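> Have a look at this fold, sequence not included:
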């Protein structure tokens, strides 16, 4: 019996390949939906980390 490649299988394989390529390019996974924080914004957790 032949197995057909469904649209879900195609999307899953494409996402996996894209993720592997991203890790190879950047050395780690890069968040796509994270909001960009300004370096100038006050961040108490970051300032306390240096103490």
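Thanks, I have the structure now. No experiment lies behind these values; they were computed from the predicted model shown.

> CA only for contacts and neighbour counts going forward, please
Will do.

> Show me what secondary structure element comes after the strand or helix carrying residue 25.
Using DSSP states H and E, residue 25 falls within helix 7-26. Sequence order places helix 44-49 as the next helix or strand after helix 7-26, per DSSP H and E.

> got the buried residues for that next one?
Neighbour counts over helix 44-49 (16 or more other CA atoms under 10 Å) mark no residue as buried.

> quick check: mean pLDDT across that helix?
For helix 44-49, mean pLDDT is 83.

> which outside residues touch it?
Applying CA atoms under 8 Å, 6 or more residues apart in numbering, helix 44-49 has no contact partners.

> before we move on, what about stretch 22-39?
residue 19.

> Now do the end-to-end distance for that stretch.
24 Å (CA to CA, to the nearest Å).

> and it, how far out from the chain's middle?
6 Å (CA atoms, centre = their mean, to the nearest Å).

> Low-confidence bits of the chain, can you list those?
Applying pLDDT under 70 to the chain flags residues 51.

> how about a cut-off of 80?
1, 32, 50-51 (pLDDT under 80).

> buried sites along the helix holding residue 25?
Buried, per 16+ other CA under 10 Å, within helix 7-26: nothing.

> Just give me how far it sits from the chain centre.
Worked out by CA atoms, centre = their mean, helix 7-26 lies 11 Å from the chain centre.
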